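In: task: produce atomic coordinates for the following.
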Amino acid sequence: MCIENWHNPKFVNKEDVFSIHKKQINLYGGSDGIRDEGLLDYVIELF
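Out: A predicted model of the protein is given here:
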């Protein structure tokens, strides 16, 4: 996930993903946890 402009992108790490996910659940509800943590690791390693 790019959090800056396309000229100088910065990507989130796994801890950032968990933090963003927790904040979204607190705001909007939903299930806590990740269905496939291995897939998350794979996608993060791509970038």
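In: C-alpha from now on. contacts and neighbour counts both.
Out: OK.
In: ok, Asn13 - how many residues close by?
Out: 13 (other CA atoms under 10 Å).
In: surely it is in contact with Glu45?
Out: No: with contact defined as CA atoms under 8 Å, Asn13 does not count as touching Glu45 (9.3 Å).
In: averaged over its residues, which helix or strand of the chain has the lowest pLDDT?
Out: For the chain, using mean pLDDT, DSSP states H and E, the weakest element among its helices and strands is helix 37-46, scoring a mean of 92.
In: that one - contacts with which helices or strands?
Out: Judged by 3 or more CA pairs under 8 Å, 6 or more residues apart in numbering; DSSP states H and E, the packing partners of helix 37-46 are helix 14-28.
In: distance of the residue nearest to the spatial centre of the chain relative to Val43?
Out: Centroid-nearest residue in the chain: Val17, 2.6 Å away (criterion: CA atoms, centre = their mean). Going from Val17 to Val43 by CA to CA, to the nearest Å gives 11 Å.
In: same check, this time on Asn26
Out: Distance from Asn26 to Val43, counting by CA to CA: 24 Å.
In: and the gap between the residue lying farthest from the centre of the chain and Asp41?
Out: Ranking residues of the chain by C-alpha distance from their mean position (CA atoms, centre = their mean) puts His7 at the top, at 20.7 Å. Counting by CA to CA, the gap from His7 to Asp41 is 25 Å.
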